[in-house]
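In: Got a sequence here, can you model it:
(2 chains)
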There are 2 protein chains.
Amino acid sequence: MAQATTLSMSQVNSMSSDNFIEVFGNVIEHCSLVAASVVRYRPFRSLQHLHDEICTFIDQLPDVGKEGILRSHPDLAGSMAMTGQLTKESQQEQKSAGLGDLTEDERKLMARLNESYRLKFGFPFVICARMNKKDAILKGLEARLHNSAEAELLTGIAEVKKIALLRLKNLVPFPFSSDPLGSNL
Amino acid sequence: MAQATTLSMSQVNSMSSDNFIEVFGNVIEHCSLVAASVVRYRPFRSLQHLHDEICTFIDQLPDVGKEGILRSHPDLAGSMAMTGQLTKESQQEQKSAGLGDLTEDERKLMARLNESYRLKFGFPFVICARMNKKDAILKGLEARLHNSAEAELLTGIAEVKKIALLRLKNLVPFPFSSDPLGSNL
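Out: Take a look at the predicted model:
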């Protein structure tokens, strides 16, 4: 997934907090509050350190907040995708999973399963699309529909963390991410 | 502050959760995660009930998350205002406080105090602009600079809750907000 610009950790650690929120605001889909919070833990030693703080922040949220994170995600191959309203990150991720090439039958099946999932759990099905292809996503959706709400909250949030790591790696690519902290700190 | 449309509580309680997040996503500035979370408490008995759940959600955040909420707010009469990048809610609120009519000296003073405040506390000065005029805001900013970080976190979050209530009242105006729940629930 190409980005217009990529950053080193020293740049991440020295940018203004407003700039940090702008750059990392969608690492957790539509939840820039996460970036606005963890920015206070700078300087980050590495990209992994930043990801760890993001995960810790999410883990400290009450369950209703974790559900809120899931609810901030769009349906896969859903109406937001059909009408071009996805964030650029989601659009690229769904495309990489082949969700732009569903047959009409696959699209209907996905819509039906997404709807059943939302009805049962009260939040949308979230999976790291870049680590799956459309067949695995459809099978995963069918299988996860049988889980409990507690299990799906855990699973959904685990997927959110995988998505976040991949989005971070796009913004701060190797080998920059392992660079020592810059002298401007 | 005129809105294009206003809602009754029964409409609030029956809209899709995606629609709810869209409508109430900026009641807490740039923190749609709050709306995406509290939507699970529907049906709301009243606007006050919705506001109470928003406040409870904020109170349950760790301090770093409360700081994140403050950090999601723009400076008053700051660069976002100067360059037309405020949310429509912030723009109207800052205008109502007379912050669009600062003299050059007042603007420079505000910028200097905002900068000092951010440096000391690590988050921006937040005040409910609709309940204050520019003189009170400048005096408040000077006075609050002497507080501890702990006190300012509490004060800033209390202001966020006032802002939220006024934003909610714009969206769900009296007398609709005290309507009984609709029969469609």
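In: use CA for all of it now, contacts and neighbours both
Out: Will do.
In: pLDDT weak spots in chain A?
Out: Applying pLDDT under 70 to chain A flags the ranges A:1-5, A:174-185.
In: Could you report the distance from the closest residue to A:Ala111 other than its chain neighbours to chain B?
Out: Once flanking residues are discounted, A:Ala111 sits nearest to A:Gly78: 6.6 Å by C-alpha to C-alpha, 6 or more residues apart in numbering or on different chains. Counting by C-alpha to the nearest C-alpha, to the nearest Å, the gap from A:Gly78 to chain B is 12 Å.
In: residues near A:Gly78, how many?
Out: Residues near A:Gly78, counting by other C-alpha atoms under 10 Å in any protein chain shown, number 17.
In: I'd guessed it sits against A:Leu113; true?
Out: No - A:Gly78 is beyond contact range of A:Leu113, at 10.9 Å (criterion: C-alpha atoms under 8 Å).
In: So which residues make contact with the host helix or strand of A:Asp105?
Out: Here A:Asp105, judged by DSSP states H and E, is contained in helix A:104-121. Under the contact criterion C-alpha atoms under 8 Å, 6 or more residues apart in numbering or on different chains, helix A:104-121 has outside partners A:75-78, A:123-125, A:138, A:141-142, A:145, A:149, A:152.
In: quick one: A:Ser72 from A:Gly84, how far?
Out: From A:Ser72 across to A:Gly84, the span is 16 Å (C-alpha to C-alpha, to the nearest Å).
In: Looking at those two now, which is surrounded by more residues?
Out: The neighbour comparison of A:Ser72 against A:Gly84 (other C-alpha under 10 Å) goes to A:Ser72, with 23 against 10.
In: ok, and the closest non-adjacent residue to that one?
Out: A:His30 (5.9 Å).
In: Near chain B, which residues of chain A? Just list them.
Out: Neighbours of chain B within chain A, by C-alpha under 8 Å from any C-alpha of the partner chain: A:18, A:30-38, A:40, A:57, A:60-62, A:64-69, A:71-72, A:122.
In: ok, 10 Å please
Out: Residues of chain A lying near chain B by C-alpha under 10 Å from any C-alpha of the partner chain: A:17-18, A:21, A:29-41, A:57-58, A:60-74, A:122-123.
In: In this structure A:Glu53 contacts A:Val38, no?
Out: Yes - with contact defined as C-alpha atoms under 10 Å, A:Glu53 reaches A:Val38; the gap is 6.4 Å.
In: And these two? Which one has more around it.
Out: A:Val38 (23 against 18).
In: Just the buried ones out of the residues of chain A next to chain B, please.
Out: The neighbour count (16 or more other C-alpha atoms under 10 Å in any protein chain shown) marks A:17-18, A:21, A:29-40, A:57-58, A:61, A:64-74, A:122-123 as buried among those.
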